[in-house]
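In: what shape does this take:
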Amino acid sequence: MRSAFDLSPLMRSTIGFDRAFRLLDAATRADEGALSYPPYNIEKSGENTYRISMAVAGFAPEQLDVTVKENVLVIVGKGRDDAAGTHYLHRGIAARAFERRFELADTIKVVGARFENGLLHVDLVREVPEAKKPRQIAIEAAEPAAQLEHQAAA
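Out: Just a heads-up that it's a prediction; the model follows:
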């Protein structure tokens, strides 16, 4: 069991970090059992591209829902109705519904989702606005003092 962190001293002396504090608070309260189903990978596939691959064996694409709202990616798997009268000797394939949430940075955009061989792939890209990209600043040379005096006398 995780120990709870008291973030209130930080919250009293900072402004604009509400989202970060909510993330920390949610991470400390996370139920480990709920975080294990369905299994997933987060991959960095390029300089600014990412992919979430989620193992959703037994689900059809129409039973899955991928939505993004306010920087939160939500993947929902709707539970399946098993055939009536099915008697399992062993049931190792999960049939339960799930909801998985991923907090996205402001610069991360979801560009697509694809279902392939029992895996749901969600592709993401980092789009840095022009205003936040590094830019070169020109350095102007100051005029020598002698030239300034000569220009003032003329």
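
In: helix, strand or coil for residue 41?
Out: Of the three states, residue 41 takes strand under DSSP: H, G, I helix; E, B strand; the rest coil.

In: not counting sequence-adjacent ones, nearest residue to it?
Out: residue 53 (4.7 Å; CB to CB, 6 or more residues apart in numbering). Every residue, glycine included, has its C-beta placed from N, CA and C.

In: dump the residue contacts of the residue nearest the centre of the chain.
Out: Of all residues in the chain, the one closest to the mean position by CA atoms, centre = their mean is residue 104, 3.0 Å from it. Shown in contact with residue 104 (CB atoms under 8 Å, 6 or more residues apart in numbering): 68, 71-73, 110, 124.

In: hmm, back to that, who's in contact with the residue nearest to residue 41?
Out: 40-41, 43, 119-122.

In: repeat that for residue 111.
Out: 123-125.

In: so which of the residues you listed is the closest to residue 87?
Out: Nearest to residue 87 out of the contacts of residue 111 is residue 123 (CB to CB; 40.8 Å).

In: pairing partners for the helix or strand harbouring the residue nearest to residue 41, with directions?
Out: Here residue 53 sits within strand 49-55, counting by DSSP states H and E. According to DSSP bridges, strand 49-55 forms sheet pairs with strand 40-44 (antiparallel), strand 119-126 (antiparallel).

In: for the longest one, what is the average pLDDT?
Out: Confidence for strand 119-126, expressed as mean pLDDT, is 95.

In: check the shortest one too.
Out: With pLDDT averaged residue by residue, strand 40-44 scores 93.
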